[in-house]
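1. I would like the atomic coordinates for the input below:
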Amino acid sequence: MRYESRFDPEARWPQLGLGVWDAIEQHWIARNLAGDVASWHAAILSLRYTEVGERPDDCAWYRDPAPYVELHVTASRTEVAMLHMWAREPDGLHGYVTYLERPASDGGRWAPATALRPLMPDEMEQFAERQAARRRVSGAA
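-> The predicted structure follows:
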């Protein structure tokens, strides 16, 4: 993707230490952002623009409401995420997901469509039950 959420070594405050970087033009688009904000802005810009200009409408889709998916992080590890948008790149379709098992400040990422699988309603119920049990154990109910 053209735009990236990237650490800004010149940031004044650590909690606002990220920015949106244009990987083609090699310059900052925005700076001094929180991680989730930088990630979201980079994703929206990448949804709209490719390396050569504006992305055609038939190559970009925004999902509302965002469905739940299983993201294959490695061969043996998966995470539950929400799929917010699709973008067609030369190497295939990519979805932008935000994680449900990580802090919201982590932001999201683009993942190839082959790494994503829609979750069925019963799988989402099981996930919600596991999350509730974790909160009870940690005392964050």
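
2. what about E10, neighbour count?
-> 9 (other C-beta atoms under 10 Å). For the C-beta atoms, the positions are set from N, CA and C on the backbone; glycine is no exception.

3. where does it land in three-state SS?
-> coil (DSSP: H, G, I helix; E, B strand; the rest coil).

4. Give me the buried positions along the longest strand belonging to the chain.
-> When the chain is parsed with DSSP state E, its longest strand is strand 77-89. With burial defined by 16 or more other C-beta atoms under 10 Å, the residues of strand 77-89 counted as buried are V80, A81, M82, L83, H84, M85, W86, A87, R88, E89.

5. and of the residues you listed, the nearest to L18?
-> Closest approach between the buried residues of strand 77-89 and L18, by C-beta to C-beta: H84, at 18.4 Å.

6. mind checking how far the closest one is from L119?
-> 15 Å (C-beta to C-beta, to the nearest Å).

7. Model confidence at the nearest residue to Y62 once chain neighbours are set aside, what's the number?
-> Nearest residue to Y62, sequence neighbours excluded (C-beta to C-beta, 6 or more residues apart in numbering): M85, at 4.9 Å. On pLDDT, M85 comes in at 97.

8. got the contact list for M85?
-> Each residue near M85 by C-beta atoms under 8 Å, 6 or more residues apart in numbering is listed here: A43, L47, A60, W61, Y62, R63, G95, Y96.
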